[in-house]
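**Q** using only what follows, build the 3D model:
(one chain, ligands or ions: 1)
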Amino acid sequence: MDKIEITGGLKLRGEVAISGAKNAVLPIMTAAILSSGENIIKNVPHLRDVMTMGKLLAHLGCGFHLENNRILLKTKKITSMDAPYDFVKTMRASVLVLGPLVARTGHARVSLPGGCAIGARPINLHIIGLERMGAKITLSEGYIEVKAKRLRGATIYFDIPTVTGTENLMMAAALAEGATVLENAACEPEVTDLANALISMGAKIHGAGTSVIKINGVNRLKPLNYTVIPDRIETATFIAAAAITQGDIRIKKCRPEHLEAVISKMREAGVKITPKNDRLTVRGPERLSSVDIKTMPYPGFPTDMQAQFMAMMAVADGTSIITENIFENRFMHVAEMSRMGADIQAEGSTATVKGVKSLNGAPVMATDLRASASLVVAGLAAKGTTVIDRVYHLDRGYERIEEKLKMLGANVRRIK
Ligand code: EPZ
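**A** Numbering: from 1, shown residues only. Below you'll find the predicted structure:
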């Protein structure tokens, strides 16, 4: 198992380019199932999760090839409708094949995802939506089986704005008979990117990016040739890395307009951020100020940045209250940060972070993707050396992060 070793205390300087968005490319890959032909996806990050999704699509009969940040996906024939537990247990986003498979073949059998480190993460809202569209659902041996001659358009209200739930049902509705309205839909930029990819295939979708999305089903969609948006969470993670190291960096190939809540909170913490078209400059203050955050669905403060922001608050001046409203168990990084000398009290969905003078490097363990990113951010500022174990979590969502950090002057290396 690879480890990452960071010797902290260096101010980040220089320029970094952001890769394509993991949480946009994954649903756009499954959207290709809705067409029969050769699909091209560009600006694709080389990530573990992208390879896992590629293997799953290959298992379904698709031809998958990733090279130089470009995917070629051949979806002429689908030979299996099964998404086995092995895929789903390593990556929950595998459930994104559900909607497209049913829409294309009338049948899908997907292993229930089971929980993960950050919470139970059920898919009941995905299932309720498919039932509303006329699908017959059976649950057996840990698998959900969905059957439908042809899905019918329906009006679906989400109790909670679910990102992949919105994406699954938007894809299912694209080939359904009649009109579908998704209410209380997720507004994340990745949902909008998927909608734009589907529209480029001939889908009729209005309102993506708002909480009411209207989809008029069509009979056929053509293969996609689409360029994925930059990763807003990778961008925000590099902002945090510059903020915590009194850094001065330029971030290229990003979309500042996807980060309003994060930029606002960073500015409150004393970070100087100057957005300009597809780039922004970040200047970290001598000492960060404590800021309270509450994670919320987009456009609120993203849960995927909660851990990285906590690392910053661990060395800020004062006390910050961090409330995690999306997932029930997303404070796994607290124990590891405490081992680095952070003063954090987690109680239910709230963590109280008392800023300390500085953190000390220590051997720590990553538990999930964004927790591992927060330990990198903490390690960059800590005195001494931090060794992060189980970096496969990090590789799921960050393309060559240690190389990008090295380019910014960090003292970081991967230990095979
Ligand atoms: C997506 O997960 C992202 N993953 C997550 O990013 C992100 O943290 C999350 O959205 C929230 O923004 C991808 O896009 C591949 P949800 P998703 O459905 O869709 C509850 C990362 O680090 N819920 O929006 O699984 C659920 O338990 C990952 O890149 C139900 O109760 O999240 C959670 O509390 C981590 N029933 C809340 O809704 C359902 O049927 C939001 O979950 C669906 C969700």
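**Q** run through who's touching the helix or strand bottoming out on mean pLDDT in the chain.
**A** In the chain, no helix or strand scores lower on mean pLDDT, DSSP states H and E than helix 85-90, which sits at a mean of 90. Under the contact criterion C-beta atoms under 8 Å, 6 or more residues apart in numbering, helix 85-90 has outside partners 52, 55-56, 59, 94-95, 110-114, 142-143. (C-beta placed from N, C-alpha, C; glycine too.)
**Q** any buried residues in it, and which?
**A** 85, 87-88, 90 (16 or more other C-beta atoms under 10 Å).
**Q** out of those residues, which is nearest to the ligand?
**A** Of all those, V88 has the smallest distance to the ligand: 12.0 Å, by C-beta to the nearest ligand atom.
**Q** against T75, how distant is the closest one?
**A** The spacing between V88 and T75, counted by C-beta to C-beta, to the nearest Å, is 20 Å.
**Q** next one: E402
**A** 35 Å.
**Q** comparing the two, which residue is more hemmed in?
**A** T75 (24 against 19; other C-beta atoms under 10 Å).
**Q** next to the ligand, which bits of the stretch 1-150 of the chain? Give me the list.
**A** Residues of the stretch 1-150 of the chain lying close to the ligand by C-beta under 6 Å from any ligand atom are 22-23, 26, 92-93, 119, 121-126.
**Q** out of those, what pair is the most spread apart?
**A** Within these, two members stand farthest from each other by C-beta to C-beta: K22 and N124, at 24.2 Å.
**Q** who has more neighbours, these two?
**A** Per other C-beta under 10 Å, whichever of K22 and N124 has more neighbours is K22, with 26 against 11.
**Q** next up, phi/psi of the nearest residue to the more buried one once chain neighbours are set aside, please.
**A** Leaving out its chain neighbours, the residue that sits closest to K22 by C-beta to C-beta, 6 or more residues apart in numbering is G397, at 5.1 Å. Main-chain dihedrals, G397, degrees, to the nearest 10: phi -130, psi 0.
**Q** ok, G397 - how many residues close by?
**A** Neighbours of G397 under the rule other C-beta under 10 Å: 26.
**Q** over to P285?
**A** Other residues within reach of P285, judged by other C-beta under 10 Å, total 14.
**Q** three-state assignment of the closest residue to it other than its chain neighbours?
**A** Spatial nearest neighbour of P285, excluding adjacent residues (C-beta to C-beta, 6+ apart): G270 at 3.8 Å. Assigned with DSSP: H, G, I helix; E, B strand; the rest coil, G270 falls in the coil class.
**Q** G270: what's it in contact with?
**A** Shown in contact with G270 (C-beta under 8 Å, 6+ apart): 285, 287-289.
**Q** okay if I get those as CSV plus pLDDT, distance to the ligand and secondary structure?
**A** Putting the contacts of G270 into CSV (pLDDT from 0 to 100; distance: C-beta to the nearest ligand atom, whole Å; DSSP: H, G, I helix; E, B strand; the rest coil) gives the following:
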residue, pLDDT, distance to the ligand, secondary structure
P285, 98, 27, coil
R287, 98, 29, coil
L288, 98, 23, coil
S289, 98, 26, strand
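**Q** buried subset of those?
**A** L288.
**Q** and I144, how many neighbours does it have?
**A** I144 is flanked by 21 other residues according to other C-beta under 10 Å.
**Q** which strand or helix spans it?
**A** Using DSSP states H and E, the element containing I144 is strand 143-147.
**Q** what mean pLDDT does that strand have?
**A** In this model, strand 143-147 has a mean pLDDT of 95.
**Q** partner strands of it, with direction?
**A** strand 107-111 (antiparallel), strand 136-140 (antiparallel) (DSSP bridges).
**Q** ok, and what's touching the last one?
**A** If I follow you right, that is strand 136-140. Contacting residues not belonging to strand 136-140 are listed as 112, 127, 130-131, 144-148 [C-beta under 8 Å, 6+ apart].
**Q** again, only this time at 6 Å
**A** With contacts defined as C-beta atoms under 6 Å, 6 or more residues apart in numbering, strand 136-140 is touched by 127, 131, 145-147.
**Q** tell me the buried residues within these.
**A** Buried members of the contacts of strand 136-140, counted by 16+ other C-beta under 10 Å: 127, 145-147.
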